[in-house]
Every structure is written in C-alpha cells, then in structure tokens.
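Undergrad: Sequence and computational prediction follow.
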Amino acid sequence: MPKDGGIGASTKRREDVRFLTGNGHYTDDINLRGQAYVHFLRSDVAHGRLRSVDTSAAEAMPGVLRVFTGADFAELGGLPCGWQVTDRFGEVMQEPKHPVLAHGKARHVGDPIAAVVAETREQARDAAEAIVLDIEELPAVVDMKAALRDGATKVHDDLTSNLCYDWGFVEENKGAVDEAFRKAAHVTTLELINNRLVANPMEPRVAVGDYNRSTGDHTLYTTSQNPHVIRLLMGAFVLGIPEHKLRVVAPDVGGGFGSKIYHYAEEAFCTFAAKALNRPVKWTSSRSEAFMSDAHGRDHVTKIELALDAENNFTAIRTETYANMGAYLSTFAPSIPTWLHGTLMAGNYKTPHIYVNVKAVFTNTVPVDAYRGAGRPEATFQLERVIDKAARELGADPIALRRQNFITEFPYATPVAVEYDTGDYHATMDKLEEIADLKGFAARRKASEAKGKLRGLGVNCYIEACGIAPSNLVGQLGARAGLYESATVRVNATGGITVMTGSHSHGQGHETSFAQVISEMIGIDADQVEIVHGDTANSPMGMGTYGSRSLAVGGSAMVRATEKIINKARKIAAHLMEAAEGDIELKDGRFSVAGTDKSVAWGDVTLAAYVPHNYPLADLEPGLEETAFYDPSNFTYPAGAYACEVEVDPETGRVTIERFSAADDFGNVVNPMIVSGQVHGGIGQGIGQALLEGCAYDEQGQLLTGSYMDYAMPRADDLPFFAVDHSCQTPCTHNPLGVKGCGEAGAIGSPPAVVNAVVDALQSAGKDITHIDMPLTPSRVWAAMQG
Amino acid sequence: MPEVSMTVNGKPAKGQIEGRTLLVDFLRDTLNLTGTHVGCDTSQCGACVVHVDGRAVKACTMFAAEAEGAEIKTIEGMAEPDGTLHPIQAAFREHHGLQCGFCTPGMVMSAAALLAENPTPTEAEVRDYLEGNICRCTGYHNIVKAILAASGQDVSRIAAE
C-alpha cells in the first residue's frame, strides 16, 4: 500500500496550489520601484566586423536613459567558461573572450551589439531601431568540418584556428583499440548526426538588476538553476563585485533543462546598468530572442565503429565526433562532449577496449552547452544505434545481443575511467519485456499492416552518470568549480523546520520531496518542514540543480545536516530525561529512554534548545541549526531499458508513436509520482528530438528555426500515454539515501528507441534502410523509402 | 491615452493604456494579475489563455482595447473565494499534471473551455484540443489524464502515476 508521507510516498505536491491558482512568483512577475527596461539590439548577420555603432539618434528618442555598446564593457571581464579541457597532445583548449556586448565583431545571429535602456519596454524597443549599425559582413563559419579546413575563415581572429580542442580518450588505449579492430570477426560502422536542439523551457529568461546606492549592495533577480554559481561567475569574473555585496535570487523558475545553468550576458548587463543608471533595470526575453541567445544543445557529427568477435561479444568501440561549440564557450560547454560523453561510451556493456576522439569546433552559431542529458544522450544514441545495426547485420536478436554483452558484476570499472557501483541490467530488460508486452508485438504488427501501415519495434538500453560530481575528480578533469551541495537545517523553537538548500527547483518538486526525507528521518509531519531555495542571501554556497544531482547530492547534504541536528537533539533529550545519551531513541517524533516509559516530544526538545533554562549549557550551545556540505565520492549510475513501437504511413512517411515503455533503475525512490513525471517529461523531449525538433542554420549562418512557427515542439497530439516503471531498484552504494537521479533518463534513453523502431518498420517492408538522421520528419522518412 | 474598462473575474477593472497594449500586458502590468503568462511571441504556446466572454482566447493575440466591455476570466478567478480549487485545478494536482507551473494557467483555462464544449472528451479529443498549448515538462501524460479525470471519466487504467 502507498504510504501517506515520508520516503516512498506519492505525496501530492505542495507547490501545486500556488501554480494552479496563478500565484506563482516568477522573475517576470517582479517589478521594482523606478524600474527601467532594456532592449538588446542583436546581430542579424552571423559574422560581421562592427565598423561603427551610431547611437546618437537612439539616445535622443523619448524615454531613453542611455544606450550601451561593447565599448562600455571592453575593460570588464568576459563571460567565463567553467571547464578547461586538455587535448590529446597535452595542450589546453583555445578559449576566446566572450564579451557582454559584442566588440569588434559579431559572431552569431543574436549576438548582442547594443543595449537601450528606457523608461518603458516599448520606448527601448523603438529606440533600438534608431541605432545605425555599420557592419561589414564576413563569410560565416557554419559547417564544422569546413571550419577545420586550412584557410577557413576564423570565428576568432586571435585564435590559431576554429579548433577548440582535439580530445582523445583514453589516448593511451588507442593502440589496443586499433589492435582489437584488426582482430575483429565483424565490424559495424555507423555515421550519424545528433541534431542541434533548443531547450525551450516555457518561461523565457528574465533578469532584473537592482543597486542600493546607500549600501553598495547589488541584487540580481534571474531565471537560474543555480543562483550561487551566477553570483560567483558574474561577481568574480565579469563585474568585479565581491560575493558579500551581491545577492542573486532565482524565485519560481519555469523550467530549465540545462539552459538556465549558464551565466548569460543579459544578467551581467542588468546588474551593471542598474548601478550605472541608479535605477533597477529589467530584461524579459521574447521567445524569438530565446532561440538566438539561450545556449543550444547536442549538435554532434559522429562516426562510431563496433568490433565483435565470432561469438558476437563486443570487443572494441572506436568513435570520432565533431562537437559544435558555437561562437563562444558557454559555461560548461567544453565538458559536455568530453567528460559527460566519452566516459559513457561503455554503456551497459562489457566492451574491453574503447577509444573516443572529439574535435570541438567554433562556428558562427549560438553557443552550445548542456541540454537535458548533456553528452549522455549523444553517447547512448550512437552506441544503441550501432548495436541495433550490428544485430541486423549479424542476424542476431537485438535484445539477445544486448543481454549477451551486459555487465553483470559490480562494481565494474569501464575502460573509459568510470566505475559503476551497482546495477542490474537484466532486471530492467525483464521488466521492460513485461510492461511493453513485447510478446504481443507480432499481433500488433499484423493489425497495423491490415490498415496499410508499417509497424516497427525499437528497444535499447541506457546508462548515465549523474549526481554530479566528486569535486576532486572533476578538478583533475578540468572543472574550475567544486560540485558539492549544501544545506542548512534550521529547527525553530516550536519544532518546525526550515531547510535552506543550494539545490534549486524549477519544476522538480523539491519543496515536497525534500520535506518527505526530513519527515522520514525525524518522524514529524512533512507539513512542519519548509524547503527554501533560490536566494544566495539565505542559503549556504551551493552549486544548484543540473545533471540529475538534486536529491543525490543536495538531498545528501540535507541528510547530513539533519543527522547533526538529531545528534544534538538527542543530547538535549538525554539531559531533559536525566538519561544516558546512548539510551535515547528517536521514533515518530518522540525521544524515549530505551527500556523505560520515559519520553519527550520533538517540540519539547526544540523549545529547550531556544529557551535553555533546563539545558546543559556547559557542554552544549543553545539553538538547533546545522549546516552540511556534501561532496559525492562517485557519480551515480541510473540505467534502464526502453521500448518504442511506431507506425509509419508508407504513403507519406509520417511516423506515429503507438506505444512507449520505460523500465528504469533509479535506486531508491522518494516520491514515485514525481519520478514518473520526470520520466514522462524526458521521454517527451526525447521523442521530440527523434521526430520533430531540429535547430537549423543556412549556409550564411541565418537561424532558420527562430520561433515556434519553425521549430517543432512536441504537442499533446504527438505523444501517447507512456508505460513507465521504476520498481527495479539497486540502491546507490555511496550516498546516504541510495538514490541515483531521474531527471534526465527519459531524454537519454528514448531517441534511439524511436529511430530503432522506425528502421525496423521500414525493414519490415523490405527496405534496405539502416539509418535516418533525426528528426525523422515525414519528408526524410518518405525520401529514404524512395531509395 | 485611451481608457479601457472590462469585467475581470467578476469585478470591474479599468485602466489607461496605449492603443498597442495587448490584453495580456494589461492583465499583468495594469491589473497585476500575473498568473497569466507569456511564453512566446507568435501565439503558439498558450501560456496566456484566458476566457473572453466564455471563449478561450490567447491574451497575447488581442489588444486590451478589443476587450472593452467584455467579461474576462483568468486563472486567478478559477478557484472558489474560500480557496477551494476548481475541479480541473484539483485534478491537475491529484494527477501531477504540472511541474514548473509556467504553462499551467493556460492549460487549465484551455481545459475548462474544452470541457464546457465537450463534457466527456475522448483521449484523442483532449490531445487535439491542446494543440495550442505547449508544455515542456510533463510529456502531456498527466495533463491529459487530469483532464479526463476532471471530466468524470475513470483514469485508473492509464499507466503510471
């Protein structure tokens, strides 16, 4: 039976009432007294030299307070990159400056060139049209392979080329991998594209800068997944504001999916301009601006080879990937195609030899960074596609081929540097076969064929590394930050608890699930626990929410702080009951003395902590508030198996998703309802990538998909109900909750299932089609079917 | 500047506006009803759906002046004055039909318009009706389930929570 509260209960979300009644408090709902508005003039060419930016007419327009250009920011820092990758020759990556406003050159459509601050939004927008821009258009660098040819136009004149880095992993293993390929009984090769995507949280980005002239304090309200990170990056590297004079607030945030991790130019601008003008300055992105200024995701071009022996055992994997960085390095961009992609190339399989090569390339496009899954979808897609192709070439059953090669003993050290602590891949595949009713597929295919449709089944596995990340390890890999998380647990005198966490919720329901954990630990009602997040003024330094890390890392910090609380409360209870501390037990919110009927309630102990009249003051400080920082010792490794059934209309090439099933192992689960919701959303985005979404540039670097008119977002009628299951649970062995993280799995595991299914459908009609690049639009599928 | 007056959530509302002011900006900026959201600039996403004289309308697609004299209902007007949630709001909560909450006001308003037109829609009819409301969080699974449940239909056989 479901529990009513605590760990494992599908507790209804406390966030919901405010969101359902229109009482959410998003950044665009914030309006400060005296607020002015900024409008950014953005480059409409992909690559151009700025000969002059004449702002005089604009400055004379009604309501205009000031017009800023790149020259105003030339002496300040650029937007920093948080990860330095070292290439396969031991050289550090090329790292260009990313100015707040373009200076000298504009490098992508959407690059901000000037900023007009005016009394109203409309006045700022009107005046921006009066700026006279003299821009010498330069050839645009769009195609990655062309960008690396000798003599190619350079995105950054001060770099030696458009190559950011050429990374080999593990470089020392390359010889052994090549040798394994020479000895292989069979080699399957696949070239594919992992399509560029736009994250598109429904809330566009917003920034409101404020400055208090009397105290010298800055405040930035922003749509961020990690306000502390923004405070550190913007304060220390761009504007030179120490943390104690800078507060960053991220209130209710309407989705992120990675795109709100990064420090953006508009945040720095609004903070800077608020002081320069002594007025609060607000920017609200339009959706069109979001398409050309939010960091994009994916955009890899890959060749993967899989070597097998005569018994169909995987013996080696070799890959070569071109990864698009865009025009500048976004905050975590260099780490995505390397440490979040190369390290996952073993997948769920015991392949002994693996070599991954990644060339990261600058182009005149919007910067690319983490988007839901970040590197792991790219790894999963190529691996699970090439295995499917190998199965077809060998006449093997795709599920049996996977099962034969599963890792079955844990811990398992992969040849790509990570160690899986736990898992059971046969169990999730067994569960998938059950919930997807794979036995019934043949009959469903017949029924589809009777309607004139082709039906296909695609199955794949995935593993990912999340709970990001052990600081000492990522430091060795080039991270310029620690990746711990923090929590302060403040017990109030009357027993209620306020938890200040560095994790940030932008849809994940932390206010509910984090409270369930505390409720379970202390035995008090979850309603007595308040979860506070999103404000650097009230929570300890924390690294925020991304990489499915909130519960595994932030939740663990909260557990550690709560353990300290319980230890201290036990001492107070022992004093109140004149008993030995070792005899004190905590159950259902009461402390009792073992073997007696003596007990005190939680509230008696908390009151004593703050009204310490009868209290061991000589040994113990009053008060009941503890902070913990938790740094994980390893990544967590959620894994699972997914199945997709599609129908293809042979007349039009239109693909419909008929069934989609997901069996995941997330370790322990705190709130199954929320976990299922996370998987649903991830699958929706994964199917979006597979069938609908693709960010397109033309040869001149013009963004062709700049609005919802052109970029196909999944709608309700594109998706079916999903069958999801997370009853297979191998708890994480190294965090106190045994949790692994569930936020990205759906987006990681689903694209290959869809493409495998479409290829299966087309092959069922005798078509010799082994791959179609995503998105599998009707025109692409139809064209492939014409041969 | 011209003055516009209308009834919003049962109460008279008026304000001075520029002619180009959109209904959504009048609601958000003049009336401070910030539950209605703006998620795009091409009338695609549906975060701004309100009811104008009982019809679902994207408030970013209509000038405030066009609503002169109209009866407007926004998300803030859906629950009872004592806070009791409207059955559609309650179903969204019960079935986890929202995550970040940004598309939610528009979803609820569209769902209410659907059920007013078609009290017991099929799954396909719900999905078709929501074509103009984009959600990026839920994969629509629990939104569709919640709307079917709000219509009084049995959703216990729909997989998962």
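TA: In hand now; what should we look at? All values reported here derive from a predicted model rather than from experimental measurement. Numbers count the residues shown, from 1 in each chain, chains lettered A, B, ... in the order given.

Undergrad: per the record, what domains does chain B have?
TA: B:3-76, B:87-150 (automatic domain parsing).

Undergrad: Distance to chain A for these - can I get that in CSV?
TA: Any C-beta I mention is one placed from the backbone N, CA and C, and that applies to glycine too. Shown next, in CSV, are the domains of chain B (distance: least, C-beta to the nearest C-beta, whole Å):
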stretch, distance to chain A
domain B:3-76, 2
domain B:87-150, 3
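
Undergrad: Identify whichever of those domains lies nearest to A:Gly582.
TA: Closest to A:Gly582 of the domains of chain B, according to C-beta to C-beta: domain B:87-150, at 43.3 Å.

Undergrad: Can you report the mean pLDDT over the residues of that closest one?
TA: Computed over domain B:87-150, the mean pLDDT rounds to 98.

Undergrad: Stretch A:775-783 now?
TA: pLDDT averaged over stretch A:775-783 gives 98.

Undergrad: Repeat that for stretch A:720-728.
TA: 98.

Undergrad: ok, now stretch A:55-69?
TA: Stretch A:55-69 comes out at a mean pLDDT of 98.

Undergrad: Give me the residues contacting that stretch.
TA: With C-beta atoms under 8 Å, 6 or more residues apart in numbering or on different chains as the test, stretch A:55-69 has contacts from A:36, A:53, A:101, A:103, A:113-120, A:123-124, A:126-128, A:130-132, A:269, A:273, A:276-277, A:279.

Undergrad: Could you identify the buried members of these?
TA: Burial by neighbour count, judged by 16 or more other C-beta atoms under 10 Å in any protein chain shown, picks out A:36, A:53, A:101, A:103, A:113-119, A:123-124, A:126-128, A:130-131, A:269, A:273, A:276-277, A:279 from the contacts of stretch A:55-69.

Undergrad: which one of the domains of chain B is the most hemmed in?
TA: Stretch with highest mean neighbour count among the domains of chain B: domain B:87-150 (a mean of 24; mean count of other C-beta atoms under 10 Å in any protein chain shown).

Undergrad: Return the distance of it from the chain's centre.
TA: Relative to the chain's own centre, domain B:87-150 is displaced by 10 Å; criterion: C-alpha atoms, centre = their mean, to the nearest Å.

Undergrad: Stretch A:23-40 near chain B at all?
TA: Yes. Interface with chain B: stretch A:23-40 contributes A:Asn23, A:Gly24, A:Tyr26, A:Asp28, A:Asp29, A:Asn31 (C-beta under 8 Å from any C-beta of the partner chain).

Undergrad: and A:Val605, that one's in a strand?
TA: No. Secondary structure of A:Val605 (DSSP: H, G, I helix; E, B strand; the rest coil): helix, not part of a strand.

Undergrad: For it, the count of nearby residues, please.
TA: Counted with other C-beta atoms under 10 Å in any protein chain shown, the neighbours of A:Val605 add up to 27.

Undergrad: tell me how far the ends of stretch A:664-677 are from each other?
TA: One end of stretch A:664-677 to the other measures 13 Å (C-alpha to C-alpha, to the nearest Å).

Undergrad: Grab the longest helix from chain B for me.
TA: Ranked by residue count, the top helix of chain B under DSSP state H comes out as helix B:104-117.

Undergrad: low pLDDT regions in the stretch 601-750 of chain A?
TA: Residues of the stretch 601-750 of chain A meeting the criterion pLDDT under 70: none.

Undergrad: Residues of it that sit close to chain B?
TA: Contacts of the stretch 601-750 of chain A with chain B, taken as C-beta under 8 Å from any C-beta, map to A:672-674, A:676-677, A:680-685, A:687, A:707-709, A:713-717, A:719, A:721-725, A:746.

Undergrad: Test of understanding: give the bridge partners of A:Val53.
TA: Beta bridges link A:Val53 to A:Leu133, judged by DSSP bridges.

Undergrad: How much space separates it from A:Thr69?
TA: Here A:Val53 is placed at a distance of 5 Å from A:Thr69 (C-beta to C-beta, to the nearest Å).

Undergrad: residues in contact with B:Thr104?
TA: Neighbours of B:Thr104 in contact, by C-beta under 8 Å, 6+ apart: A:Phe19, A:Leu20, B:Ile75, B:Phe92, B:Gly97, B:Leu98.

Undergrad: Let's see that with 10 Å instead.
TA: For B:Thr104, the contacting residues are A:16, A:19-22, A:24, A:202, A:254, B:35, B:37, B:47, B:75, B:89, B:92, B:97-98, B:133, B:135, B:137-138, B:143, by C-beta atoms under 10 Å, 6 or more residues apart in numbering or on different chains.

Undergrad: Same question for A:Asp773.
TA: A:Asp773 sits next to A:Glu191, A:Leu192, A:Ile193, A:Asn194, A:Asn195, A:Val301, A:Gly694, A:Val755, A:Arg780, A:Ala784 when contact means C-beta under 10 Å, 6+ apart.

Undergrad: The fifth one: what's it in contact with?
TA: Going by C-beta under 10 Å, 6+ apart, A:Asn195 touches A:297-300, A:381, A:689-690, A:693-696, A:751, A:773-775.

Undergrad: Tell me which of the contacts of B:Thr104 fall in helices.
TA: Reading helices off the contacts of B:Thr104 with DSSP H, I get A:Asp16, A:Phe19, A:Leu20, B:Gln89, B:Phe92, B:Ile143.

Undergrad: For the contacts of A:Asn195, which entry has the maximal number of neighbours?
TA: Most surrounded of the contacts of A:Asn195: other C-beta under 10 Å gives A:Pro751, at 35 neighbours.

Undergrad: sorry, back to before: for the residues of stretch A:23-40 next to chain B, give me JSON lines that also has pLDDT and neighbour count.
TA: Shown next, in JSON lines, are the residues of stretch A:23-40 next to chain B (pLDDT from 0 to 100; neighbours: other C-beta atoms under 10 Å in any protein chain shown):
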{"residue": "A:Asn23", "pLDDT": "97", "neighbour count": "16"}
{"residue": "A:Gly24", "pLDDT": "97", "neighbour count": "24"}
{"residue": "A:Tyr26", "pLDDT": "98", "neighbour count": "22"}
{"residue": "A:Asp28", "pLDDT": "98", "neighbour count": "22"}
{"residue": "A:Asp29", "pLDDT": "98", "neighbour count": "17"}
{"residue": "A:Asn31", "pLDDT": "97", "neighbour count": "13"}
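
Undergrad: and which of those residues is nearest to chain B?
TA: A:Asp29 (4.1 Å; C-beta to the nearest C-beta).

Undergrad: doesn't B:Val38 make contact with that closest one?
TA: No. Applying C-beta atoms under 10 Å as the test, A:Asp29 and B:Val38 come out as separate, 11.1 Å apart.

Undergrad: Overlap of the contact sets of the two?
TA: Common contacts of A:Asp29 and B:Val38, defined by C-beta under 10 Å, 6+ apart, comprise B:Arg28.
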